[in-house]
Every structure is written in structure tokens, then in C-alpha cells.
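*Asks:* Give me the fold of what follows.
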Amino acid sequence: MDIDLLYPGAYPMARVALDAGETITTESGAMVSMTPGLEITSNMKGGLFKALGRKLLSGESFFQSTVTAHEAGEITLAPSSPGDMLVLDAEDNWWLEKGAFVGAKGGIEISTKSQGLKKGIFGGEGFFLLRAEGSGPLIVSCYGALHQLDLEDGQEHIVDNGHLVAWNCEYKIEKATKGWISSMTSGEGFVCRFTGPGTVYMQTRNLSSFATALIPFLPKPSSS
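*Replies:* Below is the predicted model:
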């Protein structure tokens with residue numbers, strides 16, 4: 001399997017070349033095009049309960065697609081929102097922010113994992129995140145541009161939750177400021193404190209903040 005990222009920047013696309021017999025799992029709706037000889041099937045990856053977990057708990061699609069190459073060919077994939085894309089190795093044990101998953105080599109499991117009660121309540125990202133487990137290429141996307149942060153052993157860094165994409169180091173949730181009121185009124189709320197060794201990928205834009213900014217401009221229902 002060979003993956004090329006085309007048109008890097010705001011509107012990229014991944015071109016995945018598959019040998020006969022290879023498979024790739026993709027997020028539902030990510031396929032742009034594919035060559036004859038490739039077959040795409042939609043299924044509840046991992047069964048009903050795991051599919052429900054992805055949809056209800058992490059916000060991912062209920063279904064995932066499996067593309068099987070009956071003969072050598074290629075498929076192109078793209079995320080739903082504008083922003084860069086990145087290819088990671090699933091063997092590095094990545095946590096993924098909801099909406100970041102685009103595709104992964106067949107055999108890599110994309111599952112929903114609990115953050116625990118405290119992290120779920122205060123994390124701003126819900127109780128659950130996605131976990132990539134296996135070995136091979138993993139395609140992720142972000143909203144905006146990607147920024148890579150490499151942490152050495154014991155080094156700490158604080159990141160706003162809405163700017164997270166993927167990470168493979170220890171983290172904990174905390175208030176953005178010392179006081180509860182100031183944390184909420186600052187607009188930051190809660191943040192993640194990461195501790196190395198490991199890598200954190202961040203996105204330069206926050207999709208939730210952008211959606212909130214659009215609310216005043218949306219049509220309002222007329223009163224009868």
C-alpha cells in the first residue's frame with residue numbers, strides 16, 4: 001500500500017495505491033474516486049455495539065467502509081471539512097480527536113475508548129475518543145493547518161482541547177486558569193496538559209468555535 005497526499009494545505013486529498021488482495025478501511029463518505037477492480041462495502045465495523053459507540057459516544061459515523069482490491073488499483077480519499085491531512089503509523093499508539101479519522105490499512109482497529117469520568121466531564125471533547133491499534137498507515141485530517149509538537153521525556157505542554165488532532169503521550173485535563181469562573185469566561189474553558197515523551201498534532205483552527213461564530217448570521221425562524 002502506497003499513500004500520496006495531494007494538494008497539501010486547505011483542500012488535500014489522499015491517493016492510496018493498493019495491490020491485489022489489500023484492503024483499506026475508510027470513514028463513511030470519505031471516498032472521492034476509485035479505479036475498477038476495487039470493491040467498496042459498508043459495514044458496522046466491530047459489530048453493533050462498537051458501531052453504536054463510535055456514533056453515539058464519539059460522534060463518528062455509524063458505518064465504516066472497507067475497500068478491497070481484487071486487482072491492483074487506487075482510491076482517493078478526502079475529509080468533510082477543509083484542512084490538512086497526515087499519514088501516521090498506527091503502531092505508535094495514537095489517540096484521535098473525533099472527526100480526525102479518514103482511513104487506515106486493513107487490520108488496524110479504530111475503536112472508541114473512554115477517557116474516564118473526570119476527563120469526560122471536564123474535557124470538552126466528551127467521554128470518548130478514538131484509538132488506533134495495529135500496524136500500518138493511518139490517515140488523519142484536521143481543520144486548518146497541522147502543527148507538530150515533539151515532547152521529550154518529562155517535558156510538558158498545554159493545548160486547548162478544540163485544537164487537538166492526534167497524540168501518543170500521557171495527558172490530563174485541567175482548567176485553563178486558576179479559577180472556575182475565569183476559566184469559563186476566558187473562552188478557553190478546559191485544556192489538556194501533555195507530558196512527554198511523545199508527539200502531539202494540533203490544528204490551527206477550532207471547528208466548534210467557527211460554528212459558534214456563525215450562529216448570529218444564521219436565519220432566524222419567523223414569528224407567525
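
*Asks:* going forward, measure contacts and count neighbours with C-alpha atoms only.
*Replies:* Noted.

*Asks:* any idea how far the most centrally placed residue in the chain is from Glu174?
*Replies:* Nearest residue to the geometric centre of the chain (Cα atoms, centre = their mean): Ala100, 1.6 Å. Look at Ala100 and Glu174: by Cα to Cα, to the nearest Å, they are 23 Å apart.

*Asks:* Over to Leu138?
*Replies:* Using Cα to Cα, Leu138 is found at 29 Å from Glu174.

*Asks:* And these two? Which one has more around it.
*Replies:* Leu138 (27 against 18; other Cα atoms under 10 Å).

*Asks:* Which of the helices or strands spans that one?
*Replies:* Per DSSP states H and E, Leu138 falls inside strand 137-141.

*Asks:* was I right about Ile139 contacting Leu86?
*Replies:* Yes: contact criterion Cα atoms under 8 Å: Ile139 and Leu86 qualify, at 5.8 Å.

*Asks:* quick one, which of those two is more surrounded?
*Replies:* Per other Cα under 10 Å, whichever of Ile139 and Leu86 has more neighbours is Ile139, with 23 against 19.

*Asks:* quick revisit: could you point out which element follows the strand holding Leu138?
*Replies:* Sequence-wise, the next helix or strand downstream of strand 137-141 (DSSP H and E) is strand 146-151.

*Asks:* Give me the buried positions along that next one.
*Replies:* By 16 or more other Cα atoms under 10 Å, the buried positions in strand 146-151 come out as Leu146, Leu151.

*Asks:* and that strand, how far out from the chain's middle?
*Replies:* Relative to its chain's centre, strand 146-151 lies at 15 Å (Cα atoms, centre = their mean, to the nearest Å).

*Asks:* So what are the sheet partners of it and their directions?
*Replies:* strand 198-203 (antiparallel) (DSSP bridges).

*Asks:* Cheers, nothing more for now.
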